[in-house]
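Asks: 3D model of this:
(chains A and B)
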Amino acid sequence: MVRNPLSKSANKYLRKFRKWPHSPYKTSWHHNFGEQQAMLILKQATIQPQTQNNNNPFLLSTLIDSFKAYNTDPTPKAYFFLIKTLTNNTSQLHDIPHILNHLEHNEKFETPEVIFLYLIRFYGLSDRVQDAVDLFFRIPRFRCTPTVCSLNLLLSLLCRKRECLKMVPNILLKSQNMKIRLEESTFRVLVEALCRIKRVDYAIKIMNCMIEDGYGLDDKICSLIILSLCEQNNLTSAEALFVWGNMRKLGFCPGIMDCTNMIRFLVKEGKGKDALEILNQLKEDGIKPDIVCYTIVLSGIVKEGDYVKLDELFDEILVLGLIPDVYTYNVYINGLCKQNNFDEAMKIVVSMEKLGCKPNVVTYNTLLGALSMKEDLGKAKRVMKELKLKCVEPNLHTYRIMLDGLVGKCEIGEACILLEEMMEKCFYPRSSTFDSIILQMCQNGLITDSVVLMNKIVAKSFVPGVKVWEALLLNLGSKVTYSETTFVGLLSPK
DNA sequence: TGGCACGTAG
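Replies: Model prediction:
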């Protein structure tokens, strides 16, 4: 339709139909210019020494006056700038209520919610939770309709502190009156808070409420509950599996991390077969488990001593094309060692190297531990040599395993050499091992050497056990071969 | 991406 240019509906703002021309002060360009100039004055005022004017804080007066000077109304942007400036200067914080009062009573515009989000966060993080709550309830008085963003922010701030949690139910109830519609994100905030304070039982109740109220099942909430559940110490594997099963019935599709968390928990609880079941569920859901998942399950199977399953599962890893890492090999080697199949374990070590997976100190500790149990000290010494040849750095466990092996076989001379090496690296033996060393030295008449050793270890702030003192005192009665001062020094360790 | 291995007394 072609509009008659002279009809009443013609656009009277077009220049040719306008009765009177716009005042040059009313153009958009001029308005923007005025606003920019007013903002410039305001910004300059923030870096000037300040004085009070008309009972208003200096910056508020500057804001009002500068916009007035340019015949423009103050903008939300200007107020936001002012509030940000005040929050960045602790000496001006007391001015914020004035600004808010002025904004509430003297302005007409709809205040953007972002200003309240900023201030609520500021109050919450400055331990002024009540101010944050009060401001949240006051938002409608600023001609602003609060959304779930403000509610979620306030809830998350309250949930940071255990003592503020009791305020949450009241806020939720009142937010209904403010016409704020709860969203999945709100429930997530609450579930996160409950999980953080280890009340997973309540978190599960919240999740159930969500579903009853017709909200969709939120995968993130489920994952969080599973993770928190698995971190609990007082939960049985049956209870965890019950929650897991219910979530799956409700339509939760666990991801690889959810399964890994669950598997880790079950293995820790000694439920290797249940862990394997979770792994199989993952496969049935069409997700290929990764090597970490398999490794944890393998370790559970080794714990249960199901070595047939161990071999099956290790083969499955290879069939699936997954590449075992040093963790996987270490678990498998541990399984072989537990079966006393030391030769096969060594073969795996050799093949690891060929496949470019370098055995590490844990690999060697596993072998050494197995040999130590078998009291095969000869082989243990060879493994220790190989470890050093391969430039693998022994750790505390390596030394303790080896030292226990030597002491167990009464090879006290070598034990002392190894102990010296340990002490140089600030590693110390188990108290019982040290007791045995001193006792054996005393039995072999090496009283002076044992005192020297005692001196060295005491100088390193290691406190020997009671048995050691007993042994020394008993031997001192008959064989005093060192000065009294040494003895006194020894009995009063630093 | 992360998450996985040895050991363990008090």
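
Asks: close to DNA strand B: what parts of chain A are there?
Replies: Residues of chain A lying near DNA strand B by Cβ under 7 Å from any atom of the strand: A:255-257, A:260, A:264, A:290-293, A:295-296, A:299, A:302, A:325-328, A:330-331, A:334, A:360-363, A:365-366, A:369, A:395-397, A:401, A:430-432, A:465. Using the backbone N, CA and C atoms, a C-beta is placed for each residue, glycine as well.

Asks: is there a quick PyMOL command that grabs whichever of these are buried?
Replies: This is the PyMOL syntax for the buried subset of the residues of chain A next to DNA strand B, where burial follows 16 or more other Cβ atoms under 10 Å:
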select buried, chain A and resi 255+260+264+291+292+293+295+296+299+302+327+328+330+331+334+360+362+363+365+366+369+397+401
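
Asks: okay, and which of the residues of chain A next to DNA strand B map to helices?
Replies: A:256-257, A:260, A:264, A:291-293, A:295-296, A:299, A:302, A:326-328, A:330-331, A:334, A:361-363, A:365-366, A:369, A:396-397, A:401, A:431-432 (DSSP state H).

Asks: how close does the nearest residue to A:Tyr307 once chain neighbours are set aside get to DNA strand B?
Replies: Once flanking residues are discounted, A:Tyr307 sits nearest to A:Gln339: 5.5 Å by Cβ to Cβ, 6 or more residues apart in numbering. Applying Cβ to the nearest atom of the strand, to the nearest Å, the value for A:Gln339 to DNA strand B is 13 Å.

Asks: where does the stretch 51-200 of chain A have low pLDDT?
Replies: A:51-56 (pLDDT under 70).

Asks: re earlier: tell me the pLDDT at the residue nearest to A:Tyr307?
Replies: The score at A:Gln339 is 94. That number is its pLDDT.

Asks: same deal with A:Asp218?
Replies: Per-residue confidence at A:Asp218 stands at 88 (pLDDT).

Asks: residues contacting the residue lying closest to it once chain neighbours are set aside?
Replies: The shortest distance from A:Asp218 to any non-neighbouring residue, by Cβ to Cβ, 6+ apart, is to A:Glu184 (4.8 Å). A:Glu184 sits next to A:210, A:215-216, A:218, A:221 when contact means Cβ atoms under 8 Å, 6 or more residues apart in numbering.

Asks: now those residues in TSV, with distance to A:Phe58 and secondary structure?
Replies: Shown next, in TSV, are the contacts of A:Glu184 (distance: Cβ to Cβ, whole Å; DSSP: H, G, I helix; E, B strand; the rest coil):
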residue	distance to A:Phe58	secondary structure
A:Met210	49	helix
A:Tyr215	49	coil
A:Gly216	52	coil
A:Asp218	48	coil
A:Ile221	48	helix
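
Asks: got the residues you listed as a markdown table, with neighbour count and distance to A:Ile41 columns?
Replies: Formatted as a markdown table, the contacts of A:Glu184 follow (neighbours: other Cβ atoms under 10 Å; distance: Cβ to Cβ, whole Å):
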| residue | neighbour count | distance to A:Ile41 |
| --- | --- | --- |
| A:Met210 | 21 | 51 |
| A:Tyr215 | 16 | 50 |
| A:Gly216 | 9 | 51 |
| A:Asp218 | 19 | 49 |
| A:Ile221 | 24 | 50 |
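
Asks: can you map out the helices along the stretch 101-250 of chain A?
Replies: For the stretch 101-250 of chain A, the helices defined by DSSP state H, counting those that start in this stretch occupy A:113-125, A:129-138, A:148-158, A:168-177, A:184-196, A:200-212, A:219-230, A:237-249.

Asks: how far off centre is the third one?
Replies: Using Cα atoms, centre = their mean, to the nearest Å, the mean C-alpha position of helix A:148-158 is found 21 Å from that of the whole chain.

Asks: next, the buried residues of that helix.
Replies: A:148-158.

Asks: packing partners for the biggest helix by length in chain A?
Replies: Across chain A, the longest stretch assigned as helix under DSSP H is helix A:28-45. On a contact count with 3 or more Cβ pairs under 8 Å, 6 or more residues apart in numbering; DSSP states H and E, helix A:28-45 meets helix A:58-69, helix A:76-87.

Asks: pull the residues that contact stretch A:252-266.
Replies: By Cβ under 8 Å, 6+ apart, stretch A:252-266 touches A:217, A:219, A:222-223, A:226-227, A:229-230, A:237, A:240-241, A:244, A:247-248, A:272, A:274-275, A:278-279, A:281-282, A:285, A:287, A:289-290, A:292-293, A:296-297, A:300.

Asks: please spell out the ChimeraX selection for the buried subset of those.
Replies: With 16+ other Cβ under 10 Å as the criterion, this ChimeraX line picks the buried residues out of the contacts of stretch A:252-266:
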select /A:222,223,226,227,229,230,237,240,241,244,247,272,274,275,278,279,282,289,292,293,296,297,300
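
Asks: if we can go back for a sec, of the buried residues of helix A:148-158, closest to A:Gly445?
Replies: Proximity of the buried residues of helix A:148-158 to A:Gly445 (Cβ to Cβ) peaks at A:Ser156, which lies at 70.9 Å.

Asks: tell me the mean pLDDT over stretch A:295-312?
Replies: Mean predicted lDDT for stretch A:295-312 stands at 96.

Asks: the residue nearest to A:Tyr307 and A:Asp306: what is the separation?
Replies: Noted for A:Gln339: a distance of 11 Å to A:Asp306, by Cβ to Cβ, to the nearest Å.

Asks: please apply the same query to A:Cys426.
Replies: 40 Å.

Asks: ok, now A:Tyr364?
Replies: According to Cβ to Cβ, A:Tyr364 stands 25 Å off from A:Asp306.

Asks: so those two - more neighbours on which side?
Replies: More neighbours surround A:Tyr364 than the other of A:Tyr364 and A:Asp306, with 25 against 17 (other Cβ atoms under 10 Å).

Asks: which ones are touching the more buried one?
Replies: Here A:Tyr364 is in contact with A:383-384, A:386-387, A:392, A:394, A:398 (criterion: Cβ under 8 Å, 6+ apart).

Asks: same thing with A:Arg160?
Replies: A:124, A:193.

Asks: kindly report the same for A:Gly465.
Replies: The neighbours of A:Gly465, taking Cβ under 8 Å, 6+ apart as the test, are A:431-432, A:434-435.

Asks: in TSV: the residues you listed, plus pLDDT.
Replies: Output for the contacts of A:Gly465, formatted as TSV (pLDDT from 0 to 100):
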residue	pLDDT
A:Ser431	87
A:Ser432	87
A:Phe434	90
A:Asp435	88
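
Asks: skipping its backbone neighbours, what lies nearest the spatially most central residue of chain A in space?
Replies: The residue lying closest to the centre of chain A (Cα atoms, centre = their mean) is A:Arg196, at 10.6 Å. Nearest non-adjacent residue to A:Arg196, counting by Cβ to Cβ, 6+ apart: A:Cys159, 7.3 Å away.

Asks: roughly how far apart are the one you found and DNA strand B?
Replies: Separation of A:Cys159 from DNA strand B (Cβ to the nearest atom of the strand) stands at 23 Å.

Asks: any weak-confidence spans in the stretch 351-494 of chain A?
Replies: For the stretch 351-494 of chain A, applying pLDDT under 70 flags the ranges A:467, A:471, A:475-494.
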